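J.: I would like to see how this sequence folds:
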Amino acid sequence: MAKEKDVRIRIILECTSCVQKILNKKPRGVSRYITQKNRHNTPSRLELRKFCPYCYKHMIHGEIKK
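T.: Below you'll find the model as predicted:
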């Protein structure tokens, strides 16, 4: 019997604002969160508003590749 792919997968969310700042200025760091998503319900990339400790406010965190 073949193994099916897992429905729930782990994803990494990265602050989109910090990534842009690294290109322009001296990098301080990048905020990242690890979470899970259901592959069948959300096949596209996930974006959530999470707190970024480097920006000191809630910013949009987007899904990145592993």
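J.: wait, isn't Leu46 in contact with Ile64?
T.: No. Using CB atoms under 8 Å, Leu46 is not in contact with Ile64; the gap is 10.3 Å. Glycine gets a C-beta too; all of them are placed from N, C-alpha and C.
J.: shared neighbours of those two, anything?
T.: Counting by CB atoms under 8 Å, 6 or more residues apart in numbering, the residues touching both Leu46 and Ile64 are Leu13.
J.: buried set for stretch 41-52?
T.: The neighbour-count check on stretch 41-52 (16 or more other CB atoms under 10 Å) flags 50, 52 as buried.
J.: count of residues packed around the closest residue to Gln36 other than its chain neighbours?
T.: Of all residues not flanking Gln36 in the chain, Arg8 sits nearest, at 5.0 Å (CB to CB, 6 or more residues apart in numbering). Residues within reach of Arg8, counting by other CB atoms under 10 Å, total 11.
J.: now swap in Leu13 and tell me
T.: Applying other CB under 10 Å, we find 21 residues neighbouring Leu13.
J.: the residue nearest to it when sequence neighbours are not counted: what secondary structure?
T.: Take Leu13 and drop its neighbours on the chain: the residue closest to it by CB to CB, 6+ apart is His61, 3.9 Å away. Here His61 is recorded as strand under DSSP: H, G, I helix; E, B strand; the rest coil.
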